[in-house]
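*Asks:* here is a sequence with its predicted model. Questions after.
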Amino acid sequence: MTSEHGDGGPRTLKTVSTASRVLDAVREHDEVGASDLAAALDVSKSTAYIHLRTLEENGFLVQRGDTYRLAFKFTVLGEYVRNRSPLYRYGKSEVDDLAEETNQYTHLVTEEDGFGINLYQVRGDTGIDGEYQTDKIQRRDHLHYTASGKAILAYLPRERVEEILDERGLPARTANTVTDAESLFAELERVRERGYAYNDGEEIDGFRAVGAPVRDADGDVLGSLSVSGPASVMQGDRFEEEMPQRVTQSANVIEVNITMDARANQSV
C-alpha cells in the first residue's frame with residue numbers, strides 16, 4: 001500500500017512507515033507485547049501481532065515469551081554504516097588521544113536529518129560518569145545547544161540551517177540555551193570567525209564544551225569534534241585557549257587524513 005504526500009512529494013509505503021513506528025515503540029518501551037503495541041499504535045491486537053511477527057521473522061525483533069525486543073541485527077547494521085564513514089575511520093584515533101590527554105568526554109558527531117548523531121564517544125579518566133552520557137550515544141541531539149552541533153551548523157549553508165530550524169525548532173534545555181533564530185545566527189558567525197564553538201551550560205547546567213568542525217577538501221562540513229566537562233574544570237585559560245587549540249588541532253588532523261585518502265583513491 002502506498003500513500004502520496006499532499007504537497008506533491010514522493011509516494012511512500014505505508015507498511016514501511018508502520019514498521020518504523022513499531023520499532024520506535026519497541027525501543028521506547030524496551031520490550032512490548034501485542035496488547036501494548038496495539039494501544040500505542042491504535043490498531044487491533046491481531047494487527048499488532050502481525051507486525052511484530054513479520055519484523056521478528058526478518059531478524060529485526062527477537063521474541064522473549066509474549067514480548068518482543070530489538071535484535072542485535074541493528075548493531076551489525078550500525079557498525080557497517082559507521083565504518084563506512086571517513087569521519088569515523090580517521091576520527092576515532094584522534095578522539096581516543098584527545099580523551100586521554102584531556103581526561104574529559106570527547107565526541108565525534110555528524111549531522112543527519114537535522115539532528116546530531118554521536119558516531120563515537122570516549123570518557124576520559126576524570127570525566128563525570130552517569131546515565132546521561134551513556135544514553136547520549138544512543139540518541140539524536142538537537143544541534144543548537146551543543147558545541148559539536150553549533151560547529152556543524154556554522155558551516156552548513158544558511159538555507160539548510162533555516163530548514164533545520166523550521167523542522168526541529170529551538171527547544172530550550174537550560175536557561176542558557178539559545179532559542180532565538182537571529183541570536184543563533186549571530187553566534188554561528190562568531191564560530192566561523194574563531195573556528196570553534198562553545199557550549200556554556202546550554203545542554204546541561206554546569207557543563208561546558210568546545211567543538212570544532214571537520215570539513216572535506218571542498219569545505220563541506222562532515223561533522224565535528226568536541227570535548228566536554230564540568231565548568232569547574234573547563235574554566236579560565238583551559239576553556240578559552242587550551243581546549244579550543246587542542247580541539248581544532250585534532251579536527252585539522254582528521255581533515256588532512258580524509259583529504260589525503262580521497263586524493264589517493266582518485267589517483268588509483
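*Replies:* Yes, it's here.

*Asks:* and the strands in the stretch 101-250 of the chain?
*Replies:* Secondary structure of the stretch 101-250 of the chain (DSSP state E, counting those that start in this stretch): strands at 105-112, 115-122, 140-141, 197-200, 207-215, 221-230.

*Asks:* quick one: contacts for the most centrally placed residue in the chain?
*Replies:* Nearest to the mean C-alpha position of the chain, counting by Cα atoms, centre = their mean, stands residue 117 at 1.4 Å. Each residue near residue 117 by Cβ atoms under 8 Å, 6 or more residues apart in numbering is listed here: 109-111, 140. For glycine as for every other residue, the C-beta is placed from the backbone atoms N, C-alpha and C.

*Asks:* cutoff 7 Å now
*Replies:* Residues near residue 117 by Cβ atoms under 7 Å, 6 or more residues apart in numbering: 109-110, 140.

*Asks:* poorly predicted segments of the stretch 101-250 of the chain, please.
*Replies:* Residues of the stretch 101-250 of the chain meeting the criterion pLDDT under 70: 126-138.

*Asks:* thinking again about what came up before, nearest to residue 86, out of the strands of the stretch 101-250 of the chain?
*Replies:* Closest approach to residue 86 among those is made by strand 221-230 (7.2 Å; Cβ to Cβ).

*Asks:* who touches that closest one?
*Replies:* Here strand 221-230 makes contact (Cβ under 7 Å, 6+ apart) with 87, 91, 94-95, 98, 102, 104-111, 127-128, 147-148, 151-152, 155-156, 206-216, 243, 247, 250-251, 254.

*Asks:* tell me how the protein divides into domains.
*Replies:* 2-71, 78-267 (automatic domain parsing).

*Asks:* most neighbours per residue, which of these?
*Replies:* domain 78-267 (a mean of 18; mean count of other Cβ atoms under 10 Å).

*Asks:* from the chain's centroid, how far away is that one?
*Replies:* With Cα atoms, centre = their mean, to the nearest Å as the basis, domain 78-267 stands 9 Å off its chain's centre.
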